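J.: Build me a structure from this.
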Amino acid sequence: MRGATHAKWTACAVVVALAATACGGGDSGGGSGASGIVSSSWGDPQNPLEPANTNEVQGGKVLDMLFRGLKRYDPKTGEAKDMLAEKIETTDSTTFNVTVKDGWTFSDGEKVTAKSFVDAWNYGADLRHNQKNAYFFGYIEGYDKVHPDKGDPSAETLSGLKVTGERTFTVKLNQKFSTWPDTLGYNAFAPLPKAFFDNHSAWLSKPVGNGPYTVNSYTKGSKLEMRKWDGYPGPDKAQNGGVDLKVYTDNNTAYTDLTAGNLDLVDDVPASQLKNVKADLGDRYINTPAGIIQTLAFPFYDDAWNTPGAVKVRKGLSMAINRAQITDTIFQKTRTPATDWTSPVLGADGGYKDGLCGDACKYDPAGAKKLIEEGGGIPGGQVKISYNADTGSHKEWVDAICNSVNNALGNDRACVGNPVGTFADFRSQITQSKMSGPFRAGWQMDYPLIQNFLQPLYYTNASSNDGKWTNAEFDKLVNEANAETDKAKAVDLFQKAEGVLRDQMGAIPLWYQNGSAGYSTRVSNVALNPFSVPVYNEIKVS
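T.: The predicted structure follows:
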């Protein structure tokens, strides 16, 4: 989504084990100044708060406060900057020599070493631990042995990881990947203390990390209390006494609590309130670009969508969508029509290329109808766009897309929405390859690289290639881009791969999503990072 040894923290860890007492100071009563507690809306995470097992936003918010890894993404620019990495060196873009900074500990007093990283990564990669983020370790040599596609693991550790000293280790990848170090700000690569392995269940009930906050208490379905760690040695110390993450099952209720003065921060303003938010909050409303794109994916495992003529059908459907009208009227300009498959937050140097999609992403109802007819028409005579109906404003925009397509084709039943009751059911149908038509596919970047918007989603058999699109030329260009040590040349190769994706319309890009948030008069210095997550440690309480 992520210090030097202090004896008092070792002692405090014992106190916390005996009673729900905050070591960082402050309480959920609010307070002010450096000890003030920020109250923020939250949703219960899907999985336990393990770095390698958290791949959704709600859990990621906690890990961003609880852990620091080798790299950290700048909260303003998204640039991957050294955090615990003293240096990461390579001569061949395959083997990397890592040196961990001295003077860092976990909040229980244990020193952070090279072994803290290697043990954590080996745990995350091991198939037996069933970690959601295991595939992030797939570039490391030996992954196929600890996490085979079929059968049981034949090894317990990644052969590409070697501890060479207390603060040094080597990583050997199974392919050239020049920008691999820039991926290491993702929470899956966080270090873990011995307590994680010695008493796993106890650690899960109250996770111990090395970030600016500690976990005070967690009542699932209600609230998670984070408190400032006074012993944190990093440059990004907490500017408040802690953060209370309060669980809401309806963000409209959270927004009502915010405007009533009962909550400090809502980081997902509901679509139904977007017309009112500026009047309600004024300059306390944040609407800023984020590394998120919404697309329509196709089931390429269904022969009807994978014929030569289907390319024209897919492009025609893209041209039939009035993106500007939908983003203006439904989303009140908190979305921006997409013109490529990445995100503007990458910038031109990072791989974003405005207009790369070309005419295929421009609203042209006459051209759309012509292309769809040339491609043999819509398979089965009707497009059914699948989406999960339990969260977000998906019904509204899917219906709007279908209205746009129906108007272009002069047929009010050419396109219909296909709601699936829950996100879990929706994802289950996708992972079991049961989709018969296009389906909602959103992507929030894991790290700010063009590679992250392309390889995980469209490379043959990639971890998030839900539609099973495959193209040998695309794969070849991605491999070449990963091997290129010159960043500008690598970006150019990735964009050429993206051009292949465009020519085949492997997915329809819809719009880039902004992060939206609102906050109370009690707090200041509130901002969202490029991942649309609040920069909690910088929030100040008055």
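J.: I figured G36 hits V541, correct?
T.: Yes. With contact defined as CB atoms under 8 Å, G36 and V541 form a contacting pair (2.7 Å). The C-beta positions use only the backbone N, C-alpha and C, and glycine is treated the same way.
J.: Which residue of these two possesses the greater neighbour count?
T.: Legend: neighbour count by other CB atoms under 10 Å for G36 and V541, higher for V541 (24 against 21).
J.: how about that one, what does it touch?
T.: Going by CB atoms under 8 Å, 6 or more residues apart in numbering, V541 touches G30, G31, S32, G33, G36, I37, V38, N240, G241, D264, R522, V523.
J.: neighbours around the fourth one, how many?
T.: Counted with other CB under 10 Å, residues neighbouring G33 total 11.
J.: Next SSE downstream of the longest helix along the chain?
T.: Looking across the chain with DSSP state H, the single longest helix is helix 487-504. Later in the chain than helix 487-504, the nearest helix or strand by DSSP states H and E is strand 507-519.
J.: Need the residues that contact whatever helix or strand comes next after that next one.
T.: Once strand 507-519 ends, the next helix or strand along the chain (criterion: DSSP H and E) is strand 523-524. For strand 523-524, contacts defined as CB under 8 Å, 6+ apart pick out V38, D264, L265, I539, K540, V541, S542.
J.: can you give me the offset of strand 523-524 from its chain's centre?
T.: Computed by CA atoms, centre = their mean, to the nearest Å, the chain-centroid distance of strand 523-524 equals 26 Å.
J.: That strand pairs with which strands, and in what direction?
T.: Using DSSP bridges, strand 523-524 pairs in its sheet with strand 540-541 (antiparallel).
J.: got the contacts of strand 523-524 as a markdown table, with distance to C415, pLDDT and secondary structure columns?
T.: Shown next, in a markdown table, are these (distance: CB to CB, whole Å; pLDDT from 0 to 100; DSSP: H, G, I helix; E, B strand; the rest coil):
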| residue | distance to C415 | pLDDT | secondary structure |
| --- | --- | --- | --- |
| V38 | 44 | 98 | strand |
| D264 | 42 | 98 | coil |
| L265 | 38 | 98 | strand |
| I539 | 44 | 98 | coil |
| K540 | 49 | 97 | strand |
| V541 | 49 | 97 | strand |
| S542 | 51 | 91 | coil |
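J.: between those, which is closest to S217?
T.: The nearest member of the contacts of strand 523-524 to S217, counting by CB to CB, is V38 at 15.9 Å.
J.: measure stretch 275-286 end to end?
T.: Using CA to CA, to the nearest Å, the end-to-end distance of stretch 275-286 comes to 14 Å.
J.: Quick one: the strands in the stretch 101-250 of the chain, in order.
T.: Assigned by DSSP state E, counting those that start in this stretch, the strands in the stretch 101-250 of the chain fall at 161-165, 168-172, 213-219, 223-228, 242-247.
J.: cool, and the stretch 251-400 of the chain?
T.: Going by DSSP E, counting those that start in this stretch, the stretch 251-400 of the chain shows strands at 265-266, 285-297, 335-337, 383-388.
J.: Which one of the ones you listed lies nearest to T327?
T.: Closest of those to T327 is strand 335-337, at 4.1 Å (criterion: CB to CB).
J.: And that closest one, what does it pack against?
T.: If contacts are counted by 3 or more CB pairs under 8 Å, 6 or more residues apart in numbering; DSSP states H and E, strand 335-337 sits against helix 323-329, strand 507-519.
J.: still on that earlier bit, quick one: closest of the strands of the stretch 251-400 of the chain to Y73.
T.: Y73 sits nearest to strand 285-297 of all the strands of the stretch 251-400 of the chain, at 9.7 Å, using CB to CB.
J.: Which residue comes closest to G358 once chain neighbours are left out?
T.: Closest residue to G358 apart from its sequence neighbours, by CB to CB, 6 or more residues apart in numbering: R502 at 6.9 Å.
J.: before we move on, the earlier item: how about JSON lines for the strands of the stretch 251-400 of the chain, with distance to S463 added?
T.: Output for the strands of the stretch 251-400 of the chain, formatted as JSON lines (distance: least, CB to CB, whole Å):
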{"stretch": "strand 265-266", "distance to S463": "32"}
{"stretch": "strand 285-297", "distance to S463": "14"}
{"stretch": "strand 335-337", "distance to S463": "26"}
{"stretch": "strand 383-388", "distance to S463": "20"}
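J.: Would you mind giving these as a markdown table with mean neighbour count and distance to K87 added?
T.: Shown next, in a markdown table, are those (neighbours: other CB atoms under 10 Å; distance: least, CB to CB, whole Å):
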| stretch | mean neighbour count | distance to K87 |
| --- | --- | --- |
| strand 265-266 | 28 | 37 |
| strand 285-297 | 21 | 27 |
| strand 335-337 | 20 | 38 |
| strand 383-388 | 22 | 44 |
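J.: Need the contact partners of the longest helix of the chain.
T.: 178-179, 311, 340-342, 349-351, 353, 356-358, 360, 450-451, 454, 458, 469, 471, 473-474, 477-478, 480-482, 484, 507.
J.: Of those, which count as buried by neighbour count?
T.: Taking 16 or more other CB atoms under 10 Å as the criterion, what is buried in the contacts of helix 487-504 is 178-179, 311, 340-342, 350-351, 353, 356-357, 360, 450-451, 454, 458, 469, 471, 474, 477-478, 480-482, 484, 507.
J.: Please narrow these to those residing in helices.
T.: Judged by DSSP H, the buried ones among the contacts of helix 487-504 include V311, G350, I450, Q451, L454, Y458, F474, L477, V478, E480, A481, N482 as members of helices.
J.: which residues of the protein score low on pLDDT?
T.: Within the chain, the stretches with pLDDT under 70 are 1-30, 32, 391-392.
J.: What number of residues are in the vicinity of N199?
T.: Count around N199 with other CB under 10 Å applied: 11.
J.: list the contacts for it?
T.: N199 makes contact with no residue, according to CB under 8 Å, 6+ apart.
J.: If you tally nearby residues, what's the number for T521?
T.: Neighbour count for T521, taken as other CB under 10 Å: 10.
J.: Pull the number of nearby residues for the residue nearest to it when sequence neighbours are not counted.
T.: Sequence neighbours aside, R284 is the residue nearest to T521 in space, at 7.2 Å (criterion: CB to CB, 6+ apart). Residues lying near R284 (other CB under 10 Å) number 18.
J.: quick one: R284 and P75, what's the gap?
T.: Distance, R284 to P75, by CB to CB, to the nearest Å: 19 Å.
J.: hang on, the earlier thing: can you name the two of the contacts of strand 523-524 that are farthest apart?
T.: Largest separation among the contacts of strand 523-524 by CB to CB: L265 and S542, giving 13.8 Å.
J.: What's the PyMOL syntax to select whichever of the contacts of V541 are buried?
T.: Of the contacts of V541, the buried ones can be selected in PyMOL as follows, counting by 16+ other CB under 10 Å:
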select buried, resi 30+31+36+37+38+240+241+264+522+523
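J.: what's the most distant pair in the contacts of V541?
T.: Every pair of these checked by CB to CB; the farthest is G33 and D264, at 14.2 Å.
J.: Now do the same contact list for P48.
T.: P48 makes contact with T54, L204, according to CB under 8 Å, 6+ apart.
J.: For I539, see how far away it is.
T.: Where I539 is concerned, P48 sits at a distance of 26 Å (CB to CB).
J.: same thing with V478?
T.: Taking CB to CB, one finds V478 at 39 Å from I539.
J.: Thanks a lot, see you next time.
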